[in-house]
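> sharing a model that was predicted from the sequence below.
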Amino acid sequence: MEVLACLVPGVYAAYTDWTKKIINNFITFPLIILGLLYTLAVVKTTAGLWGFLFAAVTLGLVYVLRGVGGGDVKLAAAFGAWFGFPNIVFVLLIGSLLTFIFGSIALVRKGRWKQTMLPFLRSIWMKAVYDKSVPLYAEKLPEEGIHPDAQPFGIFLVVGGWLWFVFLVVEGGII
């Protein structure tokens, strides 16, 4: 149940990500610090530390490729500290799948799915089936700012956290 300490403030982070495309440090930094303190000092386990590191490194690599923003990395790291490893893997997976689904729906509505996703999916197919050296197609990202088709990952990360929390409660593996 302690994980609610990150999920409740996460709702506010999701709201600001949706409305302003920003996740504030005054939400993420205390969540990270309190999560690490709680898991190391109170629970006396390293699962939160490993969850924090896994989320920070995984989304940090995506950040370097300009696939997510810095707030998303910090929010994921905070969730990693509270959920611990391996639970954060499932939270990130659910959030990523939801982002992909919502982004695809948004592209279909704009009439841009075929021109955006088809070359990308075709390049994945070619790489997987025929030749490992074929480069993956990706639309050029803007040098600065947010791509007009970008989806706010923080929202889906929070939804993924809530869904995984409900799953753990239902399964009896309350964290």
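Nice, thanks for sending it over.
> buried residues in the lengthiest helix in the chain?
Taking DSSP state H as the criterion, the chain has its longest helix at helix 87-110. Using 16 or more other Cβ atoms under 10 Å as the test for burial, helix 87-110 gives 87-92, 94-96, 98-99, 103, 107. All C-beta spots, glycine's among them, are computed from the backbone N, C-alpha and C.
> which parts of the helix or strand that it is followed by are buried?
Downstream of helix 87-110, the next assigned helix or strand under DSSP states H and E is helix 113-129. Neighbour-count burial for helix 113-129, counted by 16+ other Cβ under 10 Å, picks out 116-117.
> format the buried residues of helix 87-110 as a markdown table; extra columns: distance to Leu168 and pLDDT.
Converted to a markdown table, the buried residues of helix 87-110 look like this (distance: Cβ to Cβ, whole Å; pLDDT from 0 to 100):
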| residue | distance to Leu168 | pLDDT |
| --- | --- | --- |
| Asn87 | 7 | 95 |
| Ile88 | 12 | 97 |
| Val89 | 13 | 97 |
| Phe90 | 9 | 97 |
| Val91 | 10 | 97 |
| Leu92 | 15 | 97 |
| Ile94 | 12 | 98 |
| Gly95 | 16 | 97 |
| Ser96 | 19 | 95 |
| Leu98 | 18 | 97 |
| Thr99 | 21 | 94 |
| Gly103 | 27 | 89 |
| Leu107 | 32 | 88 |
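> now those residues as CSV including distance to Arg66?
Shown next, in CSV, are the buried residues of helix 87-110 (distance: Cβ to Cβ, whole Å):
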residue, distance to Arg66
Asn87, 27
Ile88, 22
Val89, 23
Phe90, 25
Val91, 22
Leu92, 18
Ile94, 23
Gly95, 18
Ser96, 16
Leu98, 20
Thr99, 15
Gly103, 15
Leu107, 18
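> which among those gets closest to Leu34?
Ile88 (16.0 Å; Cβ to Cβ).
> go ahead and confirm the closest one touches Ala77.
No - applying Cβ atoms under 8 Å, one finds Ile88 not in contact with Ala77, separated by 9.1 Å.
> overlap of the contact sets of those two?
Ala55 (Cβ atoms under 8 Å, 6 or more residues apart in numbering).
> name the SS class of Gln151, please.
coil (DSSP: H, G, I helix; E, B strand; the rest coil).
> for it, which non-adjacent residue is spatially closest?
Gly103 (4.4 Å; Cβ to Cβ, 6 or more residues apart in numbering).
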